[in-house]
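Kindly return the folded structure for what I paste below:
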Amino acid sequence: MRNRSGLQGVASSPILVGAVTVLVVIVAVFLAYNANNGLPFVSTYNLKALVPNADALVKGNEVRIGGVRIGVVKTVAPRQLSDGRIAAELSLSLDKNAEPLPVNSSLTIRPKSALGLKYLQVTPGDSSKGFAAGETIPLASYSPEPVDIDQFFDMFDERTRDSIRRNLSGFGNALAGRGPQLNEALGSLSQLAIHAGRPLATIVAPSTDFAGFWRALEDLSATVAPVAETQASMFAALDRTFAAFARVSRPFIEETIQKGPPTLDAVNADLPALRPFFNDSARFFTALKPGAKAIAETAPTIAASLHAGVPVLNATPVLNAQLEPTAQALVDFQNAPGVFNGLELLTETNRLLKPPLRFIAPAQTVCDYISLTFKQVGNAASQGNKQGNWLNFISFVPPEGPNAESGQASAPANGPTFQNHLHYNPFPNTAAAGQSRGCEAGNEKYVPKQTVIGNAPSVWGTTTVEGGKE
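Below you'll find the model as predicted:
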């Protein structure tokens, strides 16, 4: 009865009841406030972990193994690594039953809900060695970051959504009215499945190294990954290019595609006929190379001539103005009576004179005989004394002997002395048509002990004695 009376005394005291109530509330609030950091007076297994990106992980988020909560994240802080990179350092407060965590364990930050709440997923390894309390889980233990649902939905921005709408509209227009064809294609897929078994078995056979194909594809993807931004810019440029094509697709590109097959047929028919022309063109340009090279070397001279030709071209209008009356005068002369008869007579005269001129002309053009003749005639008419002019001459005594030139003879002089030999050339070579190129007249040489009649056996000279002309 005494104890009951004591309890009744405490319960009957409002001050004591209020104090106890306030104390209980304070303790409950304290425990609730620190629930995310663990219960007080409970021993924990503390570690640190490095992750590339905290990815919205905050203080108080859970640490789980196999979906079971084993601790909380106490702090999240940035940390600069030795190579200059920035990582996130997590302070973990784990339950003692998780100690020791194997050193080959892996970490992953995963979403807890679609609202953005995250937790740290720990996948224990099979190593017999574990992390001691206070050690840091290295950055290499972090697994590749999974794609969260919010990141998945972030890629559907306004531009992507608009493009998806256009694609759906385009696919709808492409498939509209093609139900029978689609049904036929789907019906044919059964035959494809029946007959595709053997090729697929060959593809996946060990001898084909089909897995190596995917490894090579992975290596290729890793190779092009560093240039992803360049490729993205290329696709952006292609988008602008195809957008420009879209503006001229109808009717220009459409008409070009429609006219393509007839053009190819015409090209296939015409190219064999054009091939000889192309071959000749190739030989022509090959032969033109030396000329082009020479033109390149003479380009300064050509440039100078062009500069010099500009004033001449500027003066050509005056010459052109003078050519018109000149041409009219020629036309009037042509239309005058008797001009054609005179031209015909002149043509006939030239035709008759051509054979003798071909024979006589070289005597002047090569040997200068006609000029020398008139020169000597002029000298004969101009040289002399007060009594009159005379001709230059020299007298000599012919040699004696049988058939000597000093008297009558029955045969040409032929010795016996070396002076008594006849040298006579009635038609010397004058470089005329059919003759050797030489000027024998005036260049004859006396051959002792030999009778020489007619042309010399060799050309003695191609210049006259006094003309000096070849």
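
distance between the longest helix along the chain and the chain's centre?
Looking across the chain with DSSP state H, the single longest helix is helix 254-297. With Cα atoms, centre = their mean, to the nearest Å as the basis, helix 254-297 stands 20 Å off its chain's centre.

quick one: buried residues of whichever helix or strand comes after that helix?
Moving toward the C-terminus from helix 254-297, the next helix or strand (DSSP states H and E) is helix 299-335. By 16 or more other Cβ atoms under 10 Å, helix 299-335 has no buried positions at all. In short, each C-beta sits where N, CA and C put it, glycine included.

Ok, stretch 357-369 next?
Buried, per 16+ other Cβ under 10 Å, within stretch 357-369: I360, P362, A363, Q364, V366, C367, D368, Y369.

and which of those is nearest to N268?
Nearest to N268, judged by Cβ to Cβ, of those is P362 at 63.3 Å.

so where's the stretch 351-470 of the chain uncertain?
380-396, 457-470 (pLDDT under 70).

circling back to that earlier point, which ones among the buried residues of stretch 357-369 are found in helices?
I360, P362, A363, Q364, Y369.

Any chance of those residues in JSON lines with distance to K74 as columns?
Shown next, in JSON lines, are these (distance: Cβ to Cβ, whole Å):
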{"residue": "I360", "distance to K74": "130"}
{"residue": "P362", "distance to K74": "124"}
{"residue": "A363", "distance to K74": "129"}
{"residue": "Q364", "distance to K74": "127"}
{"residue": "Y369", "distance to K74": "131"}
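
related to what we said a few turns ago, could I get the buried residues of stretch 357-369 as CSV with distance to R250?
Below are these laid out as CSV (distance: Cβ to Cβ, whole Å):
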residue, distance to R250
I360, 85
P362, 81
A363, 86
Q364, 84
V366, 82
C367, 87
D368, 86
Y369, 89
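
of those, closest to S105?
Distance to S105, by Cβ to Cβ, is smallest for V366 among the buried residues of stretch 357-369, at 115.3 Å.

Surely that closest one is in contact with T430?
Yes. In this structure, V366 is within contact of T430 by Cβ atoms under 8 Å, at 7.2 Å.

any common contacting residues for the two?
Jointly contacting V366 and T430 under the rule Cβ atoms under 8 Å, 6 or more residues apart in numbering are C439.

ok, T160 to A244 distance?
Per Cβ to Cβ, to the nearest Å, T160 is found 22 Å from A244.

picking that back up, which one of the ones in helices among the buried residues of stretch 357-369 is nearest A77?
Closest to A77, out of all of those and judged by Cβ to Cβ, is P362, at 115.9 Å.

Can you tell me the closest non-neighbouring residue to that closest one?
A431 (3.9 Å; Cβ to Cβ, 6 or more residues apart in numbering).

backbone phi and psi for V452, please?
The phi/psi pair for V452 (degrees, to the nearest 10) reads phi -120, psi 120.

contacting residues around it?
By Cβ under 8 Å, 6+ apart, the contact list for V452 reads H421, L422, H423, Y424, N425.

Kindly indicate the member of those with the most neighbours.
With neighbours defined as other Cβ atoms under 10 Å, the most crowded of the contacts of V452 is H421; it has 21 neighbours.

Against N443, how distant is the closest residue to T208 other than its chain neighbours?
With Cβ to Cβ, 6+ apart as the criterion, T208 has its nearest non-adjacent residue at 6.7 Å, and that residue is T202. To N443, T202 is 101 Å away according to Cβ to Cβ.

Which one of those two is surrounded by more residues?
Remark: of T202 and N443, N443 carries more neighbours, 18 against 11, as counted by other Cβ under 10 Å.

Make sure that one is indeed in a strand.
No. Looking at N443 with DSSP: H, G, I helix; E, B strand; the rest coil, it is coil, so not inside a strand.

So Q80 sits against A88, correct?
No. Taking Cβ under 8 Å as the definition, Q80 is not a contact partner of A88, at 11.2 Å.

Pick out whichever of those two has more residues nearby.
Neighbour totals were compared for Q80 and A88, and A88 leads with 19 against 9 (other Cβ under 10 Å).

where does that one fall, helix, sheet strand or coil?
Per three-state DSSP, the local secondary structure of A88 is strand.

Just give the nearest non-adjacent residue to it, would you?
Once flanking residues are discounted, A88 sits nearest to A54: 3.8 Å by Cβ to Cβ, 6+ apart.

Against T326, how distant is the one you found?
From A54 to T326 the distance is 101 Å (Cβ to Cβ).

quick one on the thing from earlier: so who does the residue nearest to A88 touch?
Applying Cβ under 8 Å, 6+ apart, the residues contacting A54 are V76, A88, L90, I109.

Look at the spatially closest residue to F333 that is not a sequence neighbour and report its pLDDT.
The shortest distance from F333 to any non-neighbouring residue, by Cβ to Cβ, 6+ apart, is to V339 (6.3 Å). Looking at V339, its pLDDT is 80.

Relative to V312, which of the contacts of A54 is nearest.
A88 (85.5 Å).

Going by neighbour count, which residues of stretch 113-133 are buried?
K118, Y119, L120, Q121, V122, G130, F131.

what about the residue nearest to P362, how many residues close to it?
19.

same deal with N429?
Neighbours of N429 under the rule other Cβ under 10 Å: 21.

and the residue nearest to A88, what helix or strand is that in?
Using DSSP H and E, A54 sits in no helix or strand.

how close does it sit to L120?
Computed with Cβ to Cβ, the distance linking A54 and L120 is 10 Å.

next one: V312
V312 sits 93 Å away from L120 when distances are taken as Cβ to Cβ.

now do V68
Per Cβ to Cβ, V68 is found 13 Å from L120.

same thing with L306?
Applying Cβ to Cβ to L306 and L120 gives a distance of 84 Å.

Please apply the same query to F427.
Distance from F427 to L120, counting by Cβ to Cβ: 129 Å.

and the longest helix of the chain, average pLDDT?
Helix 254-297 comes out at a mean pLDDT of 87.

What is the end-to-end distance of stretch 165-185?
Using Cα to Cα, to the nearest Å, one end of stretch 165-185 lies 26 Å from the other.

can you list contacts of it?
Counting contacts by Cβ under 8 Å, 6+ apart, no residue outside stretch 165-185 touches it.

Just give me how far that stretch sits from the chain centre.
That offset, for stretch 165-185, works out to 42 Å (Cα atoms, centre = their mean).

so where's the stretch 51-200 of the chain uncertain?
By pLDDT under 70, the low-scoring segments of the stretch 51-200 of the chain are 114-116, 144-151.

re earlier: element containing the residue nearest to T208?
helix 197-203.

Next secondary structure after that helix?
helix 210-224.

Quick one: distance of that following helix to the chain centre.
30 Å.

Show me where this protein has its strands.
Along the chain, counting by DSSP state E, strands occupy 44-51, 62-65, 68-80, 86-95, 101-102, 106-111, 118-123, 130-131, 136-137, 384-385, 388-389, 423-424, 452-453.

Brilliant, that's me finished.
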